[in-house]
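Q: take a look and give me a structure for this.
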Amino acid sequence: MKSFFIGNLEVKLPVIQGGMGVGVSLSGLASAVANEGGIGVISCAGLGLIYHKSPGDYLSKCIIGLKEEIKKAKEKSKGIIGVNIMVALSNYTDMVKTSIAEKVDVIFAGAGLPFDLPSYLTKDSQTKLVPIVSSSRAAKVICDKWKNNYGYLPDAIVVEGPKAGGHLGFKLNQLEDEHYSLEQLIPEVVSIVDLYKEEKNIPVIAAGGISSGKDILRFIEMGASGVQMGTMFVTTTECDASDRFKNVFINAKQEDVRIIQSPVGMPGRAIDGEFIQSVEKGLERPKACPFHCIKTCDYTKSPYCIVQALYQAARGNMKKGYAFTGINVHLSQKISSVKEVISNLKAEFLNAKLGGGL
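A: Next comes the predicted model:
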């Protein structure tokens, strides 16, 4: 697998670990992936719940938690560490400013279009800015807005297709439509970034449903510089979620994966279970909202509190939460180390390149 550059950062292994919240990808998983030459990514969603014993209100605890996770990841790894920040978070600005102040290598921003992201850069900041999009139109709009308003172009673009886990930037009727498939999107976004190649090299990263070395090769041959993978890394020893949570992935069958409507206002892909069924019966209505963590969430109209549900699940309390997942969760068969997962991906990639079957 060839390395590629995001600005002056050389990504030796073209694999970015997707940011998974709440509490699934923190410093443990991120540092392990970074140590293998990929980009390890800390999710900043719900950090105030994980750091609930810290002083101050929920938003202050999120800042303390993010600083702590970046510090821990840097202590455990000399590799590239990124932070995933949802634009829909009410503390999006805090999370961006904290990431830049703590000198994180890369910010990945999705779940909304991060039109103002370059405005937070300071004169001496080295942090690279990478939007996550689900269409070539969004990629073009971001490039033009950043260029016109800030004289800045993205350092890379992640293109997340409809087979991804978690929140999806697609309407329900687009999820199965081949016109919106990742195979369709990657060449379209590659042609968008080509428009700016005289000014900046903008690598395109393919994401969503990528689960083998053969998949990686396929998207690199389409023009992507690398891939983002999330679900594959949940069932690793270094993943920051509980073993009970990981076992939900190991035991999941293809038919257990379903699309739900998230309180964030987007469809999401998740593993079916007791909690989701309880939500459908209207039994999980929140009585109050102590967090105000999502800009678009109105707890009086929400079927449940998503940050609580994801936090409880990551801790292993599946009666009170559920797991987001990519489409190929059924391929998760055992808990192994990040080193083993990446070693397998390399072997599959080489096998596919040499024309072997998988």
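Q: tell me how many other residues surround G112.
A: The burial metric for G112, expressed as a neighbour count using other C-beta atoms under 10 Å, is 21. Any C-beta I mention is one placed from the backbone N, CA and C, and that applies to glycine too.
Q: for it, which three-state class applies?
A: coil (DSSP: H, G, I helix; E, B strand; the rest coil).
Q: quick check: pLDDT value at it.
A: At G112, the predicted lDDT confidence score is 91.
Q: in the protein, which spans are strands?
A: In the chain, strands defined by DSSP state E lie at 4-6, 9-11, 15-17, 39-43, 80-86, 106-110, 128-133, 157-160, 166-167, 204-207, 226-229, 257-261, 267-271, listed in chain order.
Q: quick one: strands adjacent to the fifth one?
A: By that I understand strand 80-86. Each strand that strand 80-86 pairs with, and the sense of that pairing, follows from DSSP bridges: strand 39-43 (parallel), strand 106-110 (parallel).
Q: winner for burial among those strands?
A: strand 39-43 (a mean of 30; mean count of other C-beta atoms under 10 Å).
Q: can you tell which of the strands paired with strand 80-86 is closest to N328?
A: Ranking those by proximity to N328 (C-beta to C-beta) places strand 39-43 first, at 19.1 Å.
Q: what mean pLDDT does the closest one get?
A: Along strand 39-43, the predicted local confidence has a mean pLDDT of 98.
Q: put the alpha carbons of it into PDB.
A: Provided in PDB are the C-alpha atoms of strand 39-43 (Å, rounded to 0.1, in the frame of the first residue of the first chain):
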ATOM      1  CA  ILE A  39      -4.400   8.000  11.100                       C
ATOM      2  CA  GLY A  40      -6.000   7.300  14.500                       C
ATOM      3  CA  VAL A  41      -9.100   9.300  15.200                       C
ATOM      4  CA  ILE A  42     -10.600  10.400  18.500                       C
ATOM      5  CA  SER A  43     -14.400  11.100  18.500                       C
END
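Q: centre of the chain to that strand, how far?
A: Counting by C-alpha atoms, centre = their mean, to the nearest Å, strand 39-43 is centred 8 Å from the centre of its parent chain.
Q: adding distance to N351, write the strands of the chain out as a markdown table.
A: As requested, the strands of the chain are arranged in a markdown table below (distance: least, C-beta to C-beta, whole Å):
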| stretch | distance to N351 |
| --- | --- |
| strand 4-6 | 21 |
| strand 9-11 | 22 |
| strand 15-17 | 17 |
| strand 39-43 | 24 |
| strand 80-86 | 27 |
| strand 106-110 | 29 |
| strand 128-133 | 30 |
| strand 157-160 | 25 |
| strand 166-167 | 30 |
| strand 204-207 | 19 |
| strand 226-229 | 17 |
| strand 257-261 | 27 |
| strand 267-271 | 28 |
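Q: so which of these comes closest to T236?
A: Closest approach to T236 among these is made by strand 15-17 (9.6 Å; C-beta to C-beta).
Q: for this protein, which helix is longest?
A: Longest helix of the chain, by residue count under DSSP state H: helix 58-76.
Q: include distance to K128 when you put the strands paired with strand 80-86 into a markdown table, please.
A: Listed next are the strands paired with strand 80-86 as a markdown table, based on distance: least, C-beta to C-beta, whole Å:
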| stretch | distance to K128 |
| --- | --- |
| strand 39-43 | 10 |
| strand 106-110 | 5 |
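Q: re the thing from before, which one of the strands of the chain lies closest to A30?
A: Of all the strands of the chain, strand 39-43 comes closest under C-beta to C-beta, at 3.1 Å.
Q: what angle sits between the closest one and strand 128-133?
A: If you take axes from the mean of the first three to the mean of the last three C-alpha atoms, to 10 degrees, strand 39-43 sits at 70 degrees to strand 128-133.
Q: pull out the buried positions in stretch 123-140.
A: Neighbour counts using 16 or more other C-beta atoms under 10 Å place 127-136, 138-140 of stretch 123-140 among the buried residues.
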